[in-house]
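[1] show me the folded form of this:
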Amino acid sequence: MSLKSRLRLSIVALVVTVVVALSVLHVHSVVESRFEDALELATIGGMQVESFILQIVDEQTANYQPPPETMADVKKVWSEIVEQDPGLASLLQKLTGSTPVIVEILVTGENDRILSASFPSLRGQKVQVRPSFDEFSNKWVWEKLQEVLTGSRDYEVQKPLGAPGEQEPVFTVRVVLNSVLLRSQILPSLQNLAVVSSLALLLSVVLAIVASNVAFLPLARIGEIVDRITRGEHVADGAPPSERAKEVAAVESKLNVLGEQFRGAQADRAHLQANIHRLLERLEEAVLLFGPDDRLIMAGRAAERLIGGRWEMMGAAMDDIFPSSSALGAVVQGAIHLNRGITDRPVTLEQTGAEPVQLLVSVEIVDDFVSHERRGTMVTLRDAAPRRQIESQLDVASRLASISRLTSGAAHEIKNPLNSIALHLEVLKTKLDGSSADAANEIEVIGREITRLDRVVKSFLDFTRPVDVKMQRVDLVKLLHEVTTLVRPEADRLKVQVDLRDEANSAPIQGDRDLLIQAILNVVVNGVQSMEKGGSLEIRTELASGYYLVNIRDQGGGIPQELREKIYNLYFTTKSQGSGIGLAMTFRVVQLHGGTIDFASRSGEGTEFQLRFPAIEENTCDVTAAPDHESPASSAHLA
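    Below is the predicted model:
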């Protein structure tokens, strides 16, 4: 890292430290202040309700005939006054609507029964137990901030009212606060703080750049020389040595020498790199090199599969290998005659007894550097099919990515109205408040359908998001043992015996352990659930042609012919409670690991899935040796 960069980072780090420290102090102050304000508002509201209750109780108790004699009669009279007084309910509604953090105010009597409330529909019900706001206020400030910003919860401030000399209160005024309303009071201050902090950080970056430029201005000339050397340009002499500092002149002189050496090394490196690059590009191509007399002097191995044996063609003339009467010969000899190279010219090569092959032909004229005379010709033949396949695959991949982005955006747009509909449905349910049983049933049906649709959209979003594959060494044998352990309860319930056969001592592959477990578990669970009357599920591993095969065979009813092309489709399922995601996810995970998945099924006899994963090539992997825990013929059984 350069000195200029270090200076800039030091200035930015200093400013960031100061900004963060001040921001933390300010956040602490703001949060504590807002909570104190909320507690004060709740306390004042409770005191107003208390004063009003005492006033109406004093005024109306004298009018009761006969006057209450015992304390039980007094409590009963007071409860009737509080419950029937319309002015108290009006006061509670007014206080709730005029205070930004109070969600409701309740007056409860004996047995926590609601006598009056800011929402009249709650009267007569038993009060819901809520945590105390005083206890919440005593928490650490960061705990309170996290709880307010990440959730929605109600807290209450209680104000007990009782008769003189009585230990038990007659009434309890409960002022309910909501964390969402507290959040609305805190967020504006935090947003303003974020803006100020961001401006301070931006200013620190600008200050760091200006300060570093000023501090390193004397070294600008040396930096320019280094940059020109890096670009391979000639470094011209600058100002006369008498006008430069002695140290700077000495450094520039040494840099000039290094620049000359660097350019020579760079030229050699470029020449060597060009040769290596050209060689690598032609490893899978048919390369033929002809001398000045147009006779073949060198041919690559790939030429044998296109135009015949290369050793038999050595020394043959250009006209014998590429006759001008053929389309390929006309292109090659035309380029030589015009002394002009061609690149990737498409040509159809006719073959006796075989299908024509589409080739891409390149002809390069090798000239002498001084006389510019032709010293040879290099002909390159390349099969055009793989290139077209790659272009087609890239085009399909691009289209799939575009469709994925489009569908993901559409799913997000669906979730926003769904959330709004669910919110308004809850408001409508509160307003109806049991006034119509039929309406309540219909609302419940709508709510369930909204929840189901939201779950479908969420699962679709999860499926379309890019998967973070954490590759590591995974042993498929051990992984399958874990899968059988996970499926044990379901197999026991359906009376299915799971038979795990380890035909390999170990099966090492590169993969994401969690994704592989989920993918294989989906197939195993499907096989177990397909045997509702019991049966046997066999899981077998084996090594074949550099791949480890995982075969999973059940004795279920099989997959109907008309459904076999749909089983990997997202959301397609034949189960009443199925989501239709399992096999689609398995297919995706197997592809991410460079493998394949296939199946064979017969109606009434069962289905066998085969998962193929590339094996890790190592000398220590003995697929015939018995594992430590059991012999090759042994198996793990689940009844």
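[2] next, Ile365: secondary structure please.
    strand (DSSP: H, G, I helix; E, B strand; the rest coil).
[3] tell me the confidence at it?
    Reading off the confidence values, Ile365 has pLDDT 86.
[4] which ones are touching the residue lying closest to it once chain neighbours are set aside?
    With sequence-adjacent residues excluded and distances taken as Cβ to Cβ, 6 or more residues apart in numbering, Ile365 is closest to Gly341, at 5.3 Å. For every residue, glycine as well, the C-beta is placed using N, CA and C. By Cβ atoms under 8 Å, 6 or more residues apart in numbering, the contact list for Gly341 reads 335, 362-365.
[5] ok, now Ile552?
    Counting by Cβ under 8 Å, 6+ apart, Ile552 touches 520, 523-524, 527, 537-539, 608-611.
[6] for the nearest residue to it once chain neighbours are set aside, pull up the helix or strand it's in.
    Once flanking residues are discounted, Ile552 sits nearest to Phe609: 4.7 Å by Cβ to Cβ, 6+ apart. Using DSSP states H and E, the element containing Phe609 is strand 606-614.
[7] export that strand to CSV, keeping only CA atoms.
    Taking C-alpha atoms only, strand 606-614 is exported to CSV below (Å, rounded to 0.1, in the frame of the first residue of the first chain):
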residue,chain,number,x,y,z
GLY,A,606,-42.0,-48.9,-7.8
THR,A,607,-39.5,-46.3,-8.9
GLU,A,608,-35.7,-46.1,-8.9
PHE,A,609,-33.9,-42.7,-8.9
GLN,A,610,-30.3,-42.4,-9.8
LEU,A,611,-28.2,-39.4,-8.8
ARG,A,612,-24.7,-39.0,-10.3
PHE,A,613,-22.0,-36.9,-8.7
PRO,A,614,-18.4,-36.4,-10.0
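[8] which stretches of the stretch 451-600 of the chain form helices?
    476-493, 513-529, 582-592 (DSSP state H, counting those that start in this stretch).
[9] and Gln273, what pLDDT?
    On the pLDDT scale, Gln273 is placed at 56.
[10] with His481 instead?
    On pLDDT, His481 comes in at 90.
[11] equivalent analysis for Pro66, please.
    65.
[12] repeat that for Leu255.
    71.
[13] how far away is it from Lys566?
    Using Cβ to Cβ, to the nearest Å, we find Leu255 at a distance of 70 Å from Lys566.
[14] repeat for Ser189
    Using Cβ to Cβ, Ser189 is found at 55 Å from Lys566.
[15] look at the two and report which has more neighbours.
    A direct count of neighbours by other Cβ atoms under 10 Å for Ser189 and Lys566 places Ser189 higher, at 16 against 13.
[16] let me see the contact set for the more buried one.
    By Cβ under 8 Å, 6+ apart, the contact set of Ser189 is 30, 34.
[17] so which helix or strand takes in it?
    Judged by DSSP H and E, Ser189 forms part of helix 179-215.
[18] what are the buried residues along that helix?
    179, 181-183, 185-186, 189-190, 193, 197, 204, 208, 212 (16 or more other Cβ atoms under 10 Å).
[19] with stretch 535-546 instead?
    Residues of stretch 535-546 classed as buried under the neighbour-count rule (16+ other Cβ under 10 Å) are 535, 537-541.
[20] ok, the residues you listed vs Val18, which is closest?
    For these, the minimum distance to Val18 (Cβ to Cβ) is 60.5 Å, reached by Thr541.
[21] for Phe136, which non-adjacent residue is closest in space?
    Per Cβ to Cβ, 6+ apart, closest to Phe136 is Tyr155, 5.3 Å.
[22] now do the contacts for that neighbour.
    Contacts here follow Cβ under 8 Å, 6+ apart; on that basis Tyr155 touches 130-133, 136, 176-179.
[23] now intersect those with the strands, please.
    The strands, defined by DSSP state E, take in 176-178 from the contacts of Tyr155.
[24] of those - the most surrounded one?
    In terms of neighbours by other Cβ under 10 Å, the ones in strands among the contacts of Tyr155 top out with Leu177 at 25 neighbours.
[25] ok, the residue nearest to it when sequence neighbours are not counted to Ile597 distance?
    Closest residue in space to Leu177, ignoring its immediate chain neighbours: Tyr155 at 4.9 Å, by Cβ to Cβ, 6+ apart. Applying Cβ to Cβ, the value for Tyr155 to Ile597 is 53 Å.
[26] could you do Val366 as well?
    Taken as Cβ to Cβ, the span from Val366 to Ile597 is 50 Å.
[27] neighbour count winner among these two?
    Taking Val366 and Ile597 together and counting by other Cβ under 10 Å, Ile597 has the greater number of neighbours (19 against 14).
[28] tell me the contacts of Leu145?
    Contact analysis of Leu145 by Cβ under 8 Å, 6+ apart lists 27, 31, 186.
[29] distance check, the first one against Asn339.
    Looking back up the chat, that one is Val27. Distance from Val27 to Asn339, by Cβ to Cβ: 77 Å.
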